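*Asks:* one predicted model, sequence on top.
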Amino acid sequence: MSESKQDIPDAPPKVAATGQQPTAESNDAPQYLYDAVARMAPQEGFTPGQFELTFDAGSGKGDGFTGELFRAKIVEGSKELEVLCKIPPVNETRRRQFNSMVNFDREVLVYSKLLPIIYEFQREKGVTEEVGFFNAPKCYLAYYEADSEESVIVMDDLRLKNYRMWNKLVPVNYEHCKLCMIQLGRLHAVSFALKDQKPEMFEQFKVPDPMSKTYKDNEPFLYMMYLSMDRAIATLEPEEEEARQKLLQLKSTMAEDFFKLTQSEKAEPYAVLGHGDCWINNFIYGYENDAPSEIVLLDWQVSRYASPALDLLYFLFCCTDGEFRAAHFEEMLRIYHDSLGSLLKKLGGDPSRQFPFTALKEQIKACGKFGLLMAMFLVPLMCIENQDLPNMDVEAEKFKENQKIDMDAFAINERAEVRLRKRLSAAIRDGISYGYI
């Protein structure tokens with residue numbers, strides 16, 4: 001399993017980088033990214049001036065709104081290292097429209113401070129990787145510069161170690177969901193323990209949702225949310241008029257609901273620093289004998305101090321389907337809470353005091369609307385094959401020019417419509433039957 005380094009370097013200086021200059025095959029990696037990886041390379045045993053550095057695209061359409069991935073390859077003789085590099089969108093318009101720098105500031109905080117503290121605290125308590133939370137990629141470099149709007153996160157590319165992602169078009173099955181619940185429980189357990197035992201150290205991590213401003217006044221985001229809400233309403237049958245009216249009411253309060261549900265005050269004394277963006281593309285799995293044996297949590301850009309229920313609702317409503325929730329929703333909450341309680345005890349905490357199961361159920365009920373809102377936004381994207389998604393750079397420029405979303409760019413083909421109608425209508429019915437709206 002991978003882990004963050006304790007001594008993540010600062011931002012590289014603006015000087016000519018060592019190694020071979022990137023070629024046309026670098027897929028337009030910006031110079032500052034080249035400088036960052038070139039600065040990092042000697043710390044991994046490469047000789048300044050002797051290694052070659054090339055870049056390839058590390059992601060495709062649909063992999064994210066607020067960042068871009070490049071794969072860097074460092075070669076010196078027989079020694080080579082391939083790493084995954086994450087930067088804000090190169091396109092300035094998209095970078096500004098999606099408030100990308102705020103999200104990168106948050107992710108750098110996680111990799112440079114939070115994860116090293118989490119790992120060190122667990123080891124101090126004698127907790128090993130087998131039973132604790134150490135499930136993030138190894139990070140070689142993480143820095144953020146607001147003035148220049150530059151940020152780089154360099155990490156292990158776990159796909160090179162035979163990890164693979166779940167197919168987003170398919171609802172997650174039992175074993176993959178179970179692994180997610182176990183690790184979210186462990187992550188939240190460390191947060192509860194640090195908050196209780198090292199409150200001064202933990203104070204720096206009581207950070208608000210970085211999307212708070214987006215929920216309230218980011219027009220492109222709100223346009224997309226309203227479009228998603230209209231699609232959700234359209235999945236209902238003609239006779240489901242009561243459900244339709246509930247969704248119309250939800251649409252009228254959507255932006256305010258998003259903001260309120262992510263506030264820590266709503267969750268105290270049970271707020272934790274959670275992952276924040278628990279959809280299936282932000283998890284990668286390791287396998288033994290074709291069975292999932294390990295899960296690593298990617299993309300920490302929306303990590304926030306809020307209710308622990310948000311992470312669970314997000315995953316269970318966006319990544320599973322109605323049949324799964326009918327059979328396993330309560331069981332998954334139990335698996336999560338058992339995992340949390342087990343690690344919290346090992347860390348010297350008391351789950352019956354700090355987060356009893358009754359409190360979890362109360363948080364799930366109080367925040368349930370959040371799972372439904374996220375499903376209406378994300379499930380359409382999860383039902384569309386990546387090649388059919390719009391180019392977000394192009395759409396950002398169109399919006400800048402016209403101040404309107406091009407609805408045709410988000411059209412759904414027949415195959416995606418069948419998947420969407422089944423998954424999203426089930427999420428709506430579950431949200432209503434569980435009493436969330």
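*Replies:* Noted; the coordinates are in hand. Because the structure is a prediction, the values reported are computed rather than measured.

*Asks:* how about the helices in the stretch 51-200 of the chain?
*Replies:* 92-97, 100-109, 115-124, 174-197, 199-202 (DSSP state H, counting those that start in this stretch).

*Asks:* what angle separates the fourth one from helix 115-124?
*Replies:* Relative orientation of helix 174-197 and helix 115-124, computed by axes from the mean of the first three to the mean of the last three C-alpha atoms, to 10 degrees: 80 degrees.

*Asks:* list the buried residues for helix 174-197?
*Replies:* Residues 176-196 are the ones in helix 174-197 that count as buried (16 or more other C-beta atoms under 10 Å). From N, CA and C alone the C-beta is placed, and that goes for glycine too.

*Asks:* burial of Leu297, as a residue count?
*Replies:* For Leu297, the count of nearby residues is 21 (other C-beta atoms under 10 Å).

*Asks:* phi first, then psi, for Tyr270.
*Replies:* Dihedral pair for Tyr270: phi -110, psi 10, per degrees, to the nearest 10.

*Asks:* and what of the one 3 residues further on?
*Replies:* Comment: the main-chain dihedrals of Leu273 come out as phi -90, psi 100, following degrees, to the nearest 10.

*Asks:* who touches it in this structure?
*Replies:* 114, 191, 205-207, 303-305 (C-beta atoms under 8 Å, 6 or more residues apart in numbering).

*Asks:* give me the beta-bridge partners of it?
*Replies:* The partner list for Leu273 in beta bridges (DSSP bridges) reads Tyr305.

*Asks:* look at it and report its pLDDT.
*Replies:* On the pLDDT scale, Leu273 is placed at 97.

*Asks:* any idea how far it is from Asp56?
*Replies:* 34 Å (C-beta to C-beta, to the nearest Å).

*Asks:* so is the closest residue to Lys113 other than its chain neighbours in a helix, a strand, or just coil?
*Replies:* Excluding the flanking residues, the one nearest Lys113 by C-beta to C-beta, 6 or more residues apart in numbering is Gln204, at 7.1 Å. Secondary structure, DSSP: H, G, I helix; E, B strand; the rest coil: Gln204 is helix.

*Asks:* measure Gln204 to Val190 for me?
*Replies:* Distance from Gln204 to Val190, by C-beta to C-beta: 15 Å.

*Asks:* with pLDDT added, can I get the contacts of Leu273 in a markdown table?
*Replies:* Shown next, in a markdown table, are the contacts of Leu273 (pLDDT from 0 to 100):
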| residue | pLDDT |
| --- | --- |
| Leu114 | 96 |
| Ser191 | 98 |
| Phe205 | 95 |
| Lys206 | 97 |
| Val207 | 96 |
| Ser303 | 97 |
| Arg304 | 97 |
| Tyr305 | 98 |
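
*Asks:* can you tell me which of the residues you listed lies nearest to Glu107?
*Replies:* Ser303 (7.3 Å; C-beta to C-beta).

*Asks:* so who does that closest one touch?
*Replies:* Ser303 neighbours (C-beta under 8 Å, 6+ apart): 106-107, 109-110, 114, 207, 273-276.

*Asks:* make it 6 Å
*Replies:* Applying C-beta atoms under 6 Å, 6 or more residues apart in numbering to Ser303 gives the contacts 106, 110, 276.

*Asks:* with Ala366 instead?
*Replies:* If you count contacts by C-beta under 6 Å, 6+ apart, Ala366 has none.

*Asks:* which strand or helix spans it?
*Replies:* Using DSSP states H and E, Ala366 maps to helix 357-383.

*Asks:* just for the protein, where's the confidence low?
*Replies:* By pLDDT under 70, the low-scoring segments of the chain are 1-27, 58-65, 390-393, 395-396, 398-400, 402-411.

*Asks:* let's see it at 90
*Replies:* Low-confidence segments of the chain, defined by pLDDT under 90, span residues 1-29, 57-67, 90-100, 211-228, 231, 255, 266, 380-381, 384-417.

*Asks:* domain-wise, how is it divided?
*Replies:* The record, using automatic domain parsing to delimit domains, assigns the chain the ranges 1-156, 163-433.

*Asks:* for the last one, measure first residue to last.
*Replies:* Distance between the boundary residues of domain 163-433 (C-alpha to C-alpha, to the nearest Å) amounts to 37 Å.

*Asks:* same check, this time on stretch 154-165
*Replies:* 19 Å.

*Asks:* give the buried residues for it.
*Replies:* 154-158, 163.

*Asks:* again, but for stretch 424-437
*Replies:* Result for stretch 424-437 [16+ other C-beta under 10 Å]: buried residues 424-428, 430-432, 434, 436-437.

*Asks:* likewise for stretch 70-83?
*Replies:* 70-72, 74-76, 81, 83.

*Asks:* geometric centre of this protein: which residue is closest?
*Replies:* The centroid of the chain falls nearest to Asp277 when counting by C-alpha atoms, centre = their mean (3.3 Å).

*Asks:* if we can go back for a sec, got the buried residues for the helix holding Ala366?
*Replies:* With burial defined by 16+ other C-beta under 10 Å, the residues of helix 357-383 counted as buried are 357, 359-360, 363-364, 367-383.

*Asks:* now do stretch 40-48
*Replies:* By neighbour count with 16+ other C-beta under 10 Å, stretch 40-48 contains the buried residues 40-41, 46.

*Asks:* what are the contacting residues of it?
*Replies:* Residues contacting stretch 40-48 (C-beta under 6 Å, 6+ apart): 18, 51, 74, 76, 81, 140-141, 154.

*Asks:* noted, bye for now.
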